[in-house]
Each structure stands twice: as C-alpha cells, then as structure tokens.
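Asks: got a sequence here, can you build the structure:
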Amino acid sequence: MNSWKEQEDFITIIRNGSQEQFKGPQEWFTGDVIVKNLFSENALHTYSGSLVTFQAGARTAWHTHPIGQRLIITEGVGWVQQWGEPIEEVREGDVVWFPAGVKHWHGATPTSSMTHIALSGVFEGNVAEWMEKVSDEQYNKKNKKQALTVKQENIVSIAVFTTIGDLSKLGIALNNGLDSSLTINEIKEIIIQLYAYSGFPRSLNALTTFMEVLEDRKTKGIYDELGKEANSLPADKSNIELGTEIQTKLVGSPVSGKLYEFAPVMDEFLKGHLFGDIFGRGVLDYQTREMVTIGALASMDGVDSQLMSHYLMGLNAGLTQDQIIGIISVLEHEIGHEKAQNAYRLLNETLIDKNLI
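Replies: Numbers count the residues shown, from 1 in each chain. All right, here's what the predicted structure looks like:
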C-alpha cells in the first residue's frame, strides 16, 4: 500500500519529514508562525490536522471554523480568546475546543512561544473563515488594562519619553500623569532618577518641560498636588551603607564582580549615589522605581544585560510578570513594535534562565 494513503483495513504511517511545512501567511497571522500539515481530510475523516508553532508575540487573525476546531497545546504558553470574552492562558497539556461559527484567535504570549496540534473540521472544502487581524491593542489588553493602573501606565510613558528625548510627547504624558493623580514631587522623582540612566541633558530637558506644563496648567486654573517631600539620609548610615542595603534587597544578594574590581569607584557610585542618594529618597517605592528603570532601559539600544538584571530586580521588588509585560505593552504603544519585541524576548530569556516559566 502507499504510505500516505489511508485505507479502511490497514494502518497508515505518515513519516516525519514528509509533511508539508510553511511559514504562516501574513494575511492570516501576525509574527513568526510555522505550520506543518500533519494530514488532510478524506473520505474516512472530515477533519485535518496540523502542528503550528507561534514564536513569542505571534498569533492568528480573528477567524471561525465551519464545524469547530480542537487544539492540543504541546509546548509553551499561549493565549486564546473568543470575541467579547477575556483572554485565557493555555499551557502544555491543555485542550481547547472552539465551537462552530465562534469568532476567536489563538497564539503565543508576548514572552513565550507556543506549539499546538490543531484538529480542524472541514465542511465543503472549507476549514476556516479568516477575518481582520488581532490588533496590538486587542492583544495587549490583558496586560495593559488589568496588570497596570492608569497611573502606572503614565509613569512608564513619562520614563520612556524622558529617556528618548521626545519632549512633545513627554508634555502629553506629563499632563496625563497629573490627571491620573501623580503628584508633582512623584513626577520630579521619576525625572531625577532617570538622569542616572538617560543622562543629565535628557533629565534637565524633561524638568524644563515639566515646569512649562505646570505653568500652563496654572493659567487654566489647574493646581496640582505637590505631594510628600523626599526623605533625608538616615543619621546613622552613610549613603553607601544605605545603598548597599537597598541594592542587596533588590538584587537578592550582595553585588560584586570583576567589573567593580576593575573600576571600584563605579561600585561606590552605584551603591552610594544611585541606590543610596536616589532610591533612598522615598517618594516613590521600589516597585515604582523599578518600573521607571525598566521602561527607560527597554526604550534604549545596547543595554540588554542591564534590562535583564532589572527585570529580576523588579520581580524582587514585588512587580508581577504581568505587570512587567504591561510595562512593555505601554512601550509598544508609545514607541513601536521593534523595541517592545526586543524587551519581550529578553524577558522571556530571563524568566526561562531563572526557571520562572
């Protein structure tokens, strides 16, 4: 018998490697998707089977199936959603049923790839009716609208636009931040902290823009809350002692290494100034300061290792994985897909390295 032709009274083996494999068409998918046709429908069965791998951030377009579809998640973490319902997470071993005619999509999460076997019913030669693509806003809704508050989203936007030096958009973000109940001193702290990451010129420009925003709001009769003042250094500790405590808490262990042996003064600056003088000022809690730092580093080029370190520090400070994904979602909305995809990739690598997913 032919190895590919199924018969009623003989077993059939379709050898691995003999099946057609192709990249998911752009009109049906977003991102990097590989489809491997396992078998087609025939007179013996009215459904087809395929193995589909979605890289992080990839997903189908919205679509329906004429007589339903069943997914078996074989690897990774993914999302599925029915039109009008929340996004649901699926993992290896989960089985999903999509009823006939139900509009839905499925794919990977922003930080993890996902592979599934799809068993799709075929009716009069049709497997699916393809519709519009899942927008970035729809895809990121799980995180942007649930994991971060509006206030936190505005904190990230302020950090991003300060770092990249887009003062026009920064002005909008500052107004939005004040409208979402950020105090004047909280925003000052965000901008002051960022000089350690984006440099004095960017922070000074941002402070000037903030002054202009406040003056403009006053002319409109809007008087914003000043907020609490910064703490003084503890009388019984130097800034290096305080900073070492804060850094150790955020990192999870004392920090040392060849870099700091090569340039000991850098270790002093990090411990004494960044973590002691700045992080020790209060006004913003450690979670918020790490949110600011992650937003800044994710918007920059060439700082992948630092961003990965601060992902872990953010988690140690109490940020959830969904909140970090939410930060990246804001980044994607504000400055585009390329920076966000790099940030998602690095987060995925960080979580895998630490066995957190």
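
Asks: contacts for stretch 214-226?
Replies: By C-beta atoms under 8 Å, 6 or more residues apart in numbering, the residues outside stretch 214-226 that reach it are 175, 178, 181, 183-185. All C-beta spots, glycine's among them, are computed from the backbone N, C-alpha and C.

Asks: of those residues - the most surrounded one?
Replies: Counting neighbours by other C-beta atoms under 10 Å, Leu178 comes out on top of those with 21 neighbours.

Asks: could you find the closest non-adjacent residue to that residue?
Replies: The shortest distance from Leu178 to any non-neighbouring residue, by C-beta to C-beta, 6 or more residues apart in numbering, is to Asp224 (5.0 Å).

Asks: hang on, that neighbour is in a helix, isn't it?
Replies: No - according to DSSP: H, G, I helix; E, B strand; the rest coil, Asp224 belongs to no helix; its state is coil.

Asks: just give me the least confident of the contacts of stretch 214-226.
Replies: Within these, the minimum per-residue pLDDT falls on Ser181 (86).

Asks: thought that residue was touching Lys151?
Replies: Yes - between Ser181 and Lys151 there is a contact at 6.0 Å, judged by C-beta atoms under 8 Å.

Asks: phi, psi for the residue nearest to Glu27 when sequence neighbours are not counted please.
Replies: The shortest distance from Glu27 to any non-neighbouring residue, by C-beta to C-beta, 6+ apart, is to Trp130 (7.0 Å). Here is the backbone geometry of Trp130 (degrees, to the nearest 10): phi -90, psi 140.

Asks: contacts only, for Trp130.
Replies: Counting by C-beta under 8 Å, 6+ apart, Trp130 has contacts 27-28, 61-63.

Asks: need the pLDDT of it.
Replies: Value listed for Trp130 in the pLDDT field: 93.

Asks: okay, and the beta partners of it?
Replies: With DSSP bridges as the criterion, Trp130 is bridged to His63.

Asks: residues in contact with stretch 31-47?
Replies: Identification of contacts with stretch 31-47 by C-beta under 8 Å, 6+ apart yields 6, 8, 14, 19-24, 48-55, 57-60, 67, 107-108, 117, 119-123.

Asks: now those: which count as buried?
Replies: With burial judged by 16 or more other C-beta atoms under 10 Å, the buried subset of these is 6, 19, 24, 48-55, 57-60, 107-108, 117, 119-122.

Asks: which non-adjacent residue is nearest Ala343?
Replies: Ala298 (4.1 Å).

Asks: repeat for Gln55
Replies: Asp32 (4.0 Å).

Asks: ok, now how distant is the residue nearest to Ala343 from Leu170?
Replies: 16 Å (C-beta to C-beta, to the nearest Å).

Asks: and the two? Which one has more around it.
Replies: Ala298 (30 against 26).

Asks: you'd agree that one is up against Ile328?
Replies: Yes - Ala298 is within contact range of Ile328, at 6.3 Å (criterion: C-beta under 8 Å).

Asks: give me the common contacts of the two.
Replies: 340, 343.

Asks: where are the low-confidence patches of the stretch 51-200 of the chain?
Replies: Along the stretch 51-200 of the chain, the model assigns pLDDT under 70 to residues 141-146.

Asks: chain center to stretch 130-144: distance?
Replies: Its chain's C-alpha centre and that of stretch 130-144 lie 14 Å apart, by C-alpha atoms, centre = their mean, to the nearest Å.

Asks: which one's the longest strand in the protein?
Replies: Using DSSP state E to define each element, the chain has its longest strand at strand 69-82.

Asks: list the pairing partners of that strand within its sheet, with orientation.
Replies: By DSSP bridges, strand 69-82 pairs with strand 88-91 (antiparallel), strand 95-98 (antiparallel), strand 104-108 (antiparallel), strand 114-121 (antiparallel).

Asks: out of those strands, nearest to Pro201?
Replies: Counting by C-beta to C-beta, Pro201 lies closest to strand 104-108 out of the strands paired with strand 69-82; the figure is 38.9 Å.

Asks: buried sites along the longest strand of the chain?
Replies: For strand 69-82, a neighbour-count test (16+ other C-beta under 10 Å) marks 69-73, 76-81 as buried.

Asks: from those residues, which is closest to Glu290?
Replies: Val77 (23.3 Å).

Asks: so that closest one bridges to which residues?
Replies: Counting by DSSP bridges, Val77 is bridged to Arg91.

Asks: thought it was touching Thr109?
Replies: Yes - the criterion here is C-beta under 8 Å, and Val77 meets it with Thr109 at 5.2 Å.

Asks: ok, the residue nearest to Gln55 to Leu259 distance?
Replies: Here Asp32 is placed at a distance of 35 Å from Leu259 (C-beta to C-beta).
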